[in-house]
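In: missing the sequence, but the structure's below:
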């Protein structure tokens, strides 16, 4: 759940939002709509933590995290949709990439084996084996 409490965003004397209160609850799908320049992206930046609100707060439920996909329409063209979604979990994605690099080595050393062991443990703790299935179930 994402809770927005008394959120205000102001640029100089221009007040974009004031005293916004919302709860985004699990199991629902939300859309942010409005005219160009109305502040949709600014609101989402405040929710994601990319922009510090003038006042108020945004909180996530216990153990929850938020991933953001940038608006650059061409940034992800070289990736599959699944990889693009997975990149949103930056810690897990980094572990996956490190594992792939180590497993691809032709001169795999004992030190590499220890590193892979550490990565596999972190991967399991993050439920990495189910991560590629989870987005498809949403």
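Out: Great, that's in hand. This one's a predicted model, so the numbers in the text were calculated from it and none came from an experiment.
In: The residue lying farthest from the centre of the chain: what secondary structure?
Out: Farthest-out residue of the chain from its mean C-alpha position, per CA atoms, centre = their mean: residue 107, at 34.7 Å. Look at residue 107: counting by DSSP: H, G, I helix; E, B strand; the rest coil, its state is coil.
In: now residue 59
Out: Per three-state DSSP, residue 59 ends up strand.
In: Would you check how far apart the closest residue in space to it that isn't next to it in sequence and residue 68 are?
Out: Spatially, and ignoring its direct neighbours in sequence, residue 59 is nearest to residue 3 (4.9 Å; CB to CB, 6 or more residues apart in numbering). For glycine as for every other residue, the C-beta is placed from the backbone atoms N, C-alpha and C. For residue 3, the distance to residue 68 (CB to CB, to the nearest Å) stands at 18 Å.
In: what's the offset of stretch 118-127 from the middle of its chain?
Out: 19 Å (CA atoms, centre = their mean, to the nearest Å).
In: List the buried residues for it?
Out: Residues 119, 123 are the ones in stretch 118-127 that count as buried (16 or more other CB atoms under 10 Å).
In: before we move on, what about stretch 42-49?
Out: Residues 42, 43, 45, 46, 47 are the ones in stretch 42-49 that count as buried (16+ other CB under 10 Å).
In: farthest pair in these?
Out: 42 and 47 (10.0 Å; CB to CB).
In: In a helix, residue 3, correct?
Out: No: going by three-state DSSP, the assignment for residue 3 is strand, not a helix.
In: Could I get the pLDDT score of it?
Out: With respect to pLDDT, residue 3 scores 90.
In: State the number of residues packed around it.
Out: 14 (other CB atoms under 10 Å).
In: partner residues bridging it?
Out: residue 23, residue 59 (DSSP bridges).
In: from what I can see it touches residue 47, true?
Out: No: with contacts counted by CB atoms under 8 Å, residue 3 stays clear of residue 47, the gap being 10.1 Å.
In: Overlap in contacts, these two.
Out: By the contact definition CB atoms under 8 Å, 6 or more residues apart in numbering, residue 3 and residue 47 are jointly contacted by residue 58.
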